[in-house]
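S.K.: I'd like to go over a predicted model; first the sequence, then the structure.
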Amino acid sequence: MDQLLIHPDYPRILSTLIFLPLAGALVLLFVKKESFARFWALGVTILTALLSLPLVSNFDTTTAKFQFAEQSMWIKSLNIQYVLGIDGISILLVMLTTMIMPLCVLASWNYIKTRVQPFMICLLIMETAMLGVFMALDFVLFYILWEAMLIPMYLLIGIWGGPRRIYASIKFFLYTLGGSVMLLVGIIWLYNANGGSFFIPDMMWKEYTMAAQTMLFIAFFLAFAIKVPMFPFHTWLPAAHVEAPTAGSVILASVLLKMGTYGFLRFALPITPEATLLFMPFVLWLSIAGIIYGGFTALAQQDMKKLIAYSSVGHMGFVTLGIFVMNVQGIEGAILQMVNHGITTGALFLCVGMIYERTHSRELRSASGVGKHMPIFVTFLAFFSLSSFGFPGTNSFVGEFLILAGAFEYSTTLALAAIPGAVLAAAYMLRMLQKIVWGGTDNPDQSWISDLNLREIAILAPLLFFVFWIGLGPQPFLDLIHTSVVALLDQFNSYHGQTVATAELIFH
């Protein structure tokens, strides 16, 4: 296939990355020792991260083709193939996944004290499923992996979660399953419309009728908007975050939410371009609603996990805003912000987990003033808080700047409507930081609270490194993205013979 680019030096690197965590999980089925499970899971996730590095060093930034491709027939009677590949839209998400997983294992080192072996198995299966989603180029393979991540996350919340873990896990499962059913409907229709093929690149930029595109876009929108989650499909997220163990919250925030926005870029835009143009104003204003709603709701929270969960609704609203303004700045900013959100919000959940291990509470009033005894922790928390609301010099500033630049290019009214979201982000993050560092306390005797240990510093330090690397030198990351984004927009604009400026009439 001319859309695929096989790398002669790394012919099976993507399969290795996908199946290495799964193989690690299978080994743990036969070893019950808890200490071995911890070290084994850490070793497997670190090895996976190291093996993913050649993807970046050998990535060709001059082509929009799917690189490091692998293709073979899987189920011949149904024309289902095993096809993998990555491009500029997916490579940073793959790298984010491999970086986050070892940190999740380390974060669970002392936090998870019971059923350690099945917990680590769930983490490793999750990594296989998430990497596969970002690499799969056959719709059946994609759907199997999309669904495969559902069960281990359900178990992470339902077994190792908080007091309301059953409610939270069932709500997460039902919401996500509902979206998946809509996705399956779209996949089956596309299979019949494409002569019995599930090969995703062949489905892109085909001339489907407007009625078919509308049906497909609605199916895709419901599946991916629930996963993001966009307002008003977000109600499963706060419950899941609050009840999930720290590692579960980090995986949710850093990777799982990005599967929704990735789905918009990979499927909705190239398969249903005319329907995308039709629904674009609706999605854009829904994004604005999510930005404002998420900001105000986060500002009212006393539970730190809920605060960060609602902040994610606002931050992901910026991401969908960038995607659907349909210009280079907006989409590049959205992809970069997907990574930024994964780094920063994942780090904030890790910080909350570290406070919880010491105070056994997520309430701001219980954490009030603990920063006086934790100077190293406060340093990390301060920088991650600055990153969360896009302070200049941090990673999120670059992403939000590009998104707002794209929004201004599309519509001044739209961009101005999004700006209060950035102000609200500063308000709720600085409020949380002020409480933790300088606030009073219901428990004046906090002398027993210890600062971060070496393990906890090792967890947060890589994330802080990327906060400043992307914030001060984003060009290498943008170079990875650029060619694929330009190709996507060129195809989008040429498909319907007009520019997206046509839709601007709705705003003026």
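M.R.: Here it is on my side, so go on. Quick caveat, the model's predicted, so the values are computed rather than measured.
S.K.: Pretty sure residue 452 sits against residue 355.
M.R.: No. Using C-beta atoms under 8 Å, residue 452 makes no contact with residue 355, being 10.7 Å away. For the C-beta atoms, the positions are set from N, CA and C on the backbone; glycine is no exception.
S.K.: Look up how far residue 253 lies from residue 176.
M.R.: Counting by C-beta to C-beta, to the nearest Å, the gap from residue 176 to residue 253 is 15 Å.
S.K.: Number of residues surrounding the nearest residue to residue 93 once chain neighbours are set aside?
M.R.: Nearest non-adjacent residue to residue 93, counting by C-beta to C-beta, 6 or more residues apart in numbering: residue 134, 4.9 Å away. Residues near residue 134, counting by other C-beta atoms under 10 Å, number 26.
S.K.: Check the one 3 residues further on too.
M.R.: Look at residue 137: counted by other C-beta under 10 Å, it has 27 neighbours.
S.K.: and the residue nearest to it when sequence neighbours are not counted, which of the three is it?
M.R.: Ranked by C-beta to C-beta, 6+ apart and with sequence neighbours excluded, the top spatial neighbour of residue 137 is residue 83, at 4.1 Å. Using DSSP: H, G, I helix; E, B strand; the rest coil, the structure places residue 83 in strand.
S.K.: pretty sure residue 83 contacts residue 15?
M.R.: No. With contact defined as C-beta under 8 Å, residue 83 does not count as touching residue 15 (10.9 Å).
S.K.: Which residues are in contact with each of the two?
M.R.: Overlap of the contact sets of residue 83 and residue 15 (by C-beta atoms under 8 Å, 6 or more residues apart in numbering) consists of residue 70.
S.K.: Between these two, which has more neighbouring residues?
M.R.: Neighbours per residue (other C-beta under 10 Å) separate residue 83 from residue 15, with residue 83 holding more: 27 against 16.
S.K.: Now name the helix or strand holding the residue nearest to residue 93.
M.R.: helix 116-135 (DSSP states H and E).
S.K.: Repeat that for residue 46.
M.R.: Under the criterion DSSP H and E, the helix or strand holding residue 46 is helix 34-57.
S.K.: Could you give the separation of that helix from the chain centroid?
M.R.: 20 Å (C-alpha atoms, centre = their mean, to the nearest Å).
S.K.: which residues does the nearest residue to residue 197 once chain neighbours are set aside contact?
M.R.: Distances taken as C-beta to C-beta, 6+ apart put residue 79 closest to residue 197, at 5.7 Å, once the chain neighbours are dropped. The contact partners of residue 79, by C-beta under 8 Å, 6+ apart, come to 196, 197, 198.
S.K.: and the first one, that's in a strand?
M.R.: If I follow you right, that is residue 196. No. Using three-state DSSP, the assignment for residue 196 is coil, not a strand.
S.K.: Nearest residue to it in space, ignoring adjacent ones along the chain?
M.R.: residue 79 (5.2 Å).
S.K.: ok, the one you found to residue 140 distance?
M.R.: In this view, residue 79 and residue 140 are 10 Å apart by C-beta to C-beta.
S.K.: Tell me the residues that contact both of those two, please.
M.R.: residue 198.
S.K.: Pick out the least confidently modelled helix or strand of this structure, by mean pLDDT.
M.R.: Here the helix or strand of the chain ranked lowest by mean pLDDT, DSSP states H and E is helix 364-367, holding a mean of 81.
S.K.: packing partners for the next helix or strand after that one?
M.R.: Using DSSP H and E, the helix or strand that follows helix 364-367 in sequence is helix 375-388. Helix 375-388 sits against helix 328-359, helix 395-410, helix 412-438, helix 454-472, with contacts defined as 3 or more C-beta pairs under 8 Å, 6 or more residues apart in numbering; DSSP states H and E.
S.K.: quick one: which of those helices is nearest residue 162?
M.R.: helix 328-359 (10.0 Å; C-beta to C-beta).
S.K.: Check the offset of that closest one from the chain's centre.
M.R.: 9 Å.
S.K.: what does stretch 88-107 give?
M.R.: 10 Å.
S.K.: Next: stretch 171-191.
M.R.: That offset, for stretch 171-191, works out to 19 Å (C-alpha atoms, centre = their mean).
S.K.: what does it contact?
M.R.: Contacts of stretch 171-191 (C-beta under 8 Å, 6+ apart): 139-140, 143, 146-147, 150, 153-154, 157, 197-198, 203, 212, 215-216, 218-220, 222-227, 229, 233, 235-236, 239-240, 263, 271.
S.K.: in it, what's buried?
M.R.: Within stretch 171-191, the residues that count as buried by 16 or more other C-beta atoms under 10 Å are 171-173, 175-176, 179-180, 182-187, 190-191.
S.K.: next one: stretch 417-431
M.R.: Buried, per 16+ other C-beta under 10 Å, within stretch 417-431: 417, 418, 421, 422, 424, 425, 426, 428, 429, 431.
S.K.: what about the stretch 1-150 of the chain, any weak spots by pLDDT?
M.R.: For the stretch 1-150 of the chain, residues meeting the criterion pLDDT under 70 lie at 1.
S.K.: Oh, that last question was meant for the stretch 301-450 of the chain, not what I typed.
M.R.: Residues of the stretch 301-450 of the chain that meet the cut-off, pLDDT under 70, sit at 440-448.
S.K.: one more time with 50
M.R.: Filtered on pLDDT under 50, the stretch 301-450 of the chain yields no residues whatsoever.
S.K.: Next, residue 68: secondary structure please.
M.R.: Applying three-state DSSP: residue 68 is strand.
S.K.: In contact with it, which residues?
M.R.: 5, 6, 7, 10, 13, 14, 55, 58, 84, 85, 86.
S.K.: any idea which of the residues you listed is the one closest to residue 267?
M.R.: Distances from residue 267 to the contacts of residue 68, taken by C-beta to C-beta, are shortest for residue 85, at 14.9 Å.
S.K.: Would you agree the closest one is in contact with residue 132?
M.R.: No. Using C-beta under 8 Å, residue 85 is not in contact with residue 132; the gap is 12.0 Å.
S.K.: and the gap between the closest residue in space to residue 27 that isn't next to it in sequence and residue 23?
M.R.: Nearest-residue entry for residue 27: residue 40, 6.7 Å, with adjacent residues in sequence omitted and distances by C-beta to C-beta, 6+ apart. As for residue 40, its distance to residue 23 is 11 Å (criterion: C-beta to C-beta).
S.K.: Between these two, which has more neighbouring residues?
M.R.: residue 40 (20 against 12).
S.K.: The more buried one touches residue 120, doesn't it?
M.R.: Yes. Residue 40 is in contact with residue 120 according to C-beta under 8 Å; the separation is 7.2 Å.
S.K.: where do the contact lists of the two overlap?
M.R.: residue 28.
S.K.: show me the contacts for residue 162.
M.R.: Here residue 162 is in contact with 168, 242, 243, 244 (criterion: C-beta under 8 Å, 6+ apart).
S.K.: All set, thanks.
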